[in-house]
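J.: Structure of the sequence below:
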Amino acid sequence: MHTLFSRGEQLVIVPQNLYEFWAIATRMAGANGLGMTTEQASQWLHFFQRRFTLMPDRNDLPARWHDMVKTHAIKGFRSHDARLVAVMQSYGMTRLLTSNSGDFKGLPITVVDPASV
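T.: You can find the predicted model right below:
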């Protein structure tokens, strides 16, 4: 992220990023979580909101999301990933920085792996 900031890139987050972080941060470490207390997770949420631009969900999000999950026949947990892509489309964003590129396979965005930056 430091490299991207130094290049003048604008890095943004959306409410879903905060919700998903909270779920992982406060989940037990043995259950694929970070094992943070709610106070620790809360401090990180404040950090993220200071460091990144928080873009609110738009009114067209439910319709965009529904169209995406129908069009791409998305089921189960991948519907969360489709929602994130629908938010991006709402703002005209095309690139997603993630280490989980497989989660977004077949969706209409460009995935950028942090290791490639």
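J.: check contacts around Ala25.
T.: Neighbouring residues of Ala25 by C-beta atoms under 8 Å, 6 or more residues apart in numbering: 33-34, 36, 40-41, 44. C-betas here are computed from N, CA, C, even on glycine.
J.: low-confidence ranges in this structure?
T.: For the chain, applying pLDDT under 70 flags no range at all.
J.: and Asn17, how far is that from Leu45?
T.: Distance of Asn17 to Leu45, computed by C-beta to C-beta, to the nearest Å: 10 Å.
J.: Then Ala63?
T.: Taken as C-beta to C-beta, the span from Ala63 to Leu45 is 28 Å.
J.: try Ser116
T.: Distance of Ser116 to Leu45, given as C-beta to C-beta: 27 Å.
J.: out of these two, which sits in the busier spot?
T.: Ranked by neighbour count (other C-beta atoms under 10 Å), Ser116 and Leu45 place Leu45 first, with 16 against 7.
J.: can you pull out the strands in the chain?
T.: 12-13, 53-54, 95-97, 110-112 (DSSP state E).
J.: closest one to Phe104 among these?
T.: In terms of C-beta to C-beta, the element of the strands of the chain nearest to Phe104 is strand 110-112, at 5.2 Å.
J.: In the closest one, which residues are buried?
T.: Along strand 110-112, these residues count as buried under the neighbour rule (16 or more other C-beta atoms under 10 Å): Val111.
J.: who are the neighbours of that strand, in terms of helices and strands?
T.: Applying 3 or more C-beta pairs under 8 Å, 6 or more residues apart in numbering; DSSP states H and E, we find strand 110-112 packed against strand 95-97.
J.: so what's the residue nearest the centre of the chain closest to, chain neighbours aside?
T.: What sits nearest the mean C-alpha location of the chain, by C-alpha atoms, centre = their mean, is Asn17, with 4.4 Å. With sequence-adjacent residues excluded and distances taken as C-beta to C-beta, 6 or more residues apart in numbering, Asn17 is closest to Phe48, at 7.4 Å.
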